[in-house]
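Asks: Here is my input; please provide its structure:
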Amino acid sequence: MYSTLPPWVFDWSGHLGVALYLGSYAALQAGLIRGSSYIYALLNLLAASFVLISLSAAFNLSSALIQVFWIAISLGGLARLIWLNSGLRFSPEDKALITQVFGPMPKPLARQFLDNGHWLDGEAGLILTTEGKPVTALTFLLRGEAEVTSDTRLIGRLGQGLIGEMNVLDGGSATASVTLTRPARLFTITGGALNRLIWRDSDLRLMVENAMSRDTRAKLVAANKRLSTARKRGHDDHQP
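Replies: Coordinates of the predicted model:
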């Protein structure tokens, strides 16, 4: 079959294979894809297949063996990913946390993160952070409400979202106190457990840091809106 094809087909098959090899590796180094992702394994499988096809026109045993083993390794990686993902289960609460905090996230990473923390029911009055004291855990408030105070003054109220994200990784002191005002459902992971996780996996570290940045930015935007509204009301109250 291959002998009936024009030579340029084999040439371009080899070029495409090389392009896929280089493109997948470049994307990996740029952080666009994960080494343990479906797409990386699939790209390598296709790259090796195209190069192997090109070798049928100018056979080289060493190169052919490399491509055959590369294909086998890629197929093994895909099978492993399918097996891992098919065995993972998430509760509705788990799914809500991952979606709210991280957005799209590989299932093995999500399971790893969740397994290092735990869900709990918090009663009204439970103190989550204390102003001036080290933040020892990252908390996700799924349901309920908390108030934020500084120097005993009410700064604002929190609904669903992260608590302690600004200082948990370095154990810094909380800039405000956060206390539950009604029964709540919480997920909490200690700073030590979180640091061990992200130290082992740079991709997870990037996801955690991005999630914290987004949550902090959203809180700052909300705080600025509240401040702007308060100033506007004060200005209107002083109008003749």
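Asks: Give me the domain ranges for this protein.
Replies: Segmentation of the chain into domains, based on automatic domain parsing, reads 2-86, 92-237.
Asks: Now the ones you listed in CSV, please, with extra columns for mean neighbour count and mean pLDDT.
Replies: C-beta coordinates here come from the backbone N, C-alpha and C atoms, glycine included. Below are the domains of the chain laid out as CSV (neighbours: other C-beta atoms under 10 Å; pLDDT from 0 to 100):
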stretch, mean neighbour count, mean pLDDT
domain 2-86, 15, 85
domain 92-237, 16, 85
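Asks: Report the secondary structure element holding residue 214.
Replies: Residue 214 is part of helix 202-237, with elements assigned from DSSP states H and E.
Asks: Let me fix that, I meant to ask about residue 45.
Replies: Using DSSP H and E, residue 45 maps to helix 38-55.
Asks: quick one: contacts for residue 16?
Replies: By C-beta atoms under 8 Å, 6 or more residues apart in numbering, the contact set of residue 16 is residue 50.
Asks: Next, the angle from the helix or strand that contains it to helix 38-55.
Replies: In this structure, residue 16 is located in helix 7-29 according to DSSP H and E. Going by axes from the mean of the first three to the mean of the last three C-alpha atoms, to 10 degrees, helix 7-29 is angled at 150 degrees with respect to helix 38-55.
Asks: what distance separates helix 7-29 from the middle of the whole chain?
Replies: Computed by C-alpha atoms, centre = their mean, to the nearest Å, the separation of helix 7-29 from the middle of its chain amounts to 29 Å.
Asks: Can I get the helix holding residue 45 as CSV, trimmed to CA atoms?
Replies: Output in CSV follows, covering the C-alpha atoms of helix 38-55 (Å, rounded to 0.1, in the frame of the first residue of the first chain):
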residue,chain,number,x,y,z
TYR,A,38,-4.5,13.1,27.7
ILE,A,39,-3.5,15.7,25.2
TYR,A,40,0.3,15.3,25.8
ALA,A,41,0.1,11.5,25.5
LEU,A,42,-2.0,11.8,22.4
LEU,A,43,0.3,14.3,20.8
ASN,A,44,3.3,12.0,21.4
LEU,A,45,1.4,9.0,20.1
LEU,A,46,0.5,10.9,16.8
ALA,A,47,4.1,12.2,16.5
ALA,A,48,5.7,8.8,16.8
SER,A,49,3.1,7.3,14.4
PHE,A,50,3.7,9.9,11.7
VAL,A,51,7.5,9.5,12.0
LEU,A,52,7.2,5.7,11.8
ILE,A,53,5.1,6.1,8.6
SER,A,54,7.8,8.3,7.1
LEU,A,55,10.5,5.6,7.9
